[in-house]
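Trainee: Below is the sequence, then the predicted model.
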Amino acid sequence: MLSEWLEASLDGRSPDAKEGALAGGRYRIEGAGLLELTPAASSATAPALILSAGIHGNETAPIELLGELLARLEAGLLRLATPTLVILGNLEAIRAGTRYVDTNLNRLFRRGLDAAGMEPDRARALMSAVDAFYAHHADRPRLHYDLHTAIRDSQYPRFAVDPYAETVTPATQWRWLAGADIQAVLHQHAHSWTFSHYSKHYHDAAAFTLELGRALPFGDNDLAPLAPMARLLEALVEDRPPASRSAETLAFFRVEHELRRHAEDFRLCFPDDTPNFTEFAPGTRLAEDAIDGPITVGERPLRVVFPNAAVEIGARAALLVSAATPPDDGT
Ligand SMILES: O=C(O)CCC(=O)N[C@@H](CCC(=O)O)C(=O)O
Ligand SMILES: [Zn+2]
């Protein structure tokens, strides 16, 4: 049964049924943490939709959100009308309740990746699954929401990271995300080799990393603030027009610099619980790195997003961002 897929994937068991029927179509378990939903009939404009969660193993609310979506499909409360690939990312890290096991999976989505290890193997398996799914639905618009939660509080608890790519994000996406109570958008300034970046860069998909509150253990999540996001996912799988709100309700930011940890001896100069998007005045010392020296805010204030002094050497320790001009939302 479909609802068993999540549990079986997490337990490392192979679920009883590899495929079966559901209202409007069929499901098929394609592999560990990979579930394909195929409608019996769908309009030509329905997207090839990818919904992923658990790319970081301690980010459980998005897994619960996808569990509820699947339960509603299985109960016949939703009728499938959109080809959908549901992905659970880092299964071993989800079982361990940790962000990753050996290395951050969400930096590995790059063709030609030749690193060895569990997370690189998983990244290659997920890239192949995405390639096959989009190839199978080559005539459809492509959409990928990679669902996450953040380590700390945020001045905007729900926000979208818009990966860097040469393509322009369709304006409808801003309206749908605003309609799902997303509060802010952060445009990336450079290739980031994240999962959403993979779908956007290599497949021209509309793709986002969606940060949906704070990372908490299973059972501790309050899904109530995510109800509008649940409604968006439901509308997408049923191929109905989602709730839409003006993009003017979103705050837009762009990454100005990426702060990287280069030395073993590295520290951030502000408290660990500083919320995402906190602004720092010109001249403020943000970090000290034994190789790079002090990192200080330049002439214009900067806000800090995803600060984390405990990252691997060479990895991103924070994004430094500033307000961006809102895009034309097409209305
Ligand atoms: O809260 C944090 O510090 C990290 C939250 C997180 O996992 N964020 C993603 C963002 C991905 C992107 O930049 O698109 C990540 O770091 O992988
Ligand atoms: Zn994450």
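Mentor: Ah, there it is. Ligands and ions are numbered 1, 2, ... in the order given.
Trainee: Can I take it that Glu279 is in a helix?
Mentor: No: the assignment for Glu279 (DSSP: H, G, I helix; E, B strand; the rest coil) gives strand, which keeps it out of a helix.
Trainee: dump the residue contacts of the nearest residue in space to Tyr100 that is not next to it in sequence.
Mentor: Using CB to CB, 6 or more residues apart in numbering and skipping the chain neighbours, the partner closest in space to Tyr100 is Ala93 (5.2 Å). All C-beta spots, glycine's among them, are computed from the backbone N, C-alpha and C. With contacts defined as CB atoms under 8 Å, 6 or more residues apart in numbering, the neighbours of Ala93 are Gly54, His56, Gly57, Asn58, Arg99, Tyr100, Val101, Leu105.
Trainee: pretty sure the third one contacts Tyr100?
Mentor: Going back to what we said before, that points to Gly57. Yes: applying CB atoms under 8 Å, one finds Gly57 in contact with Tyr100, separated by 6.7 Å.
Trainee: Quick check: neighbours shared by those two?
Mentor: Shared contacts of Gly57 and Tyr100, counting by CB under 8 Å, 6+ apart, come down to Asn90, Ala93.
Trainee: Could you tell me which residues of the stretch 51-200 of the chain lie near ligand 2?
Mentor: Remark: the part of the stretch 51-200 of the chain in contact with ligand 2 comprises His56, Glu59, His148, using CB under 5 Å from the ion.
Trainee: Out of those residues, which sit inside strands?
Mentor: Under the assignment DSSP state E, those contribute His148 to strands.
Trainee: Please report which of the residues of the stretch 51-200 of the chain next to ligand 2 has the highest neighbour count.
Mentor: Greatest neighbour count in those, by other CB atoms under 10 Å, goes to Glu59: 27 neighbours.
Trainee: can you list the domains in the protein?
Mentor: 2-249, 259-323 (automatic domain parsing).
Trainee: The shortest one spans what distance, first to last residue?
Mentor: By that I understand domain 259-323. End-to-end distance of domain 259-323: 18 Å, with CA to CA, to the nearest Å as the criterion.
Trainee: touching ligand 1 at all, that domain?
Mentor: Yes: contact of domain 259-323 with ligand 1 (CB under 6 Å from any ligand atom) involves Phe306, Asn308.
Trainee: hmm, that domain touching ligand 2?
Mentor: No: taking CB under 5 Å from the ion as the criterion, domain 259-323 and ligand 2 are apart, separated by no less than 8.9 Å.
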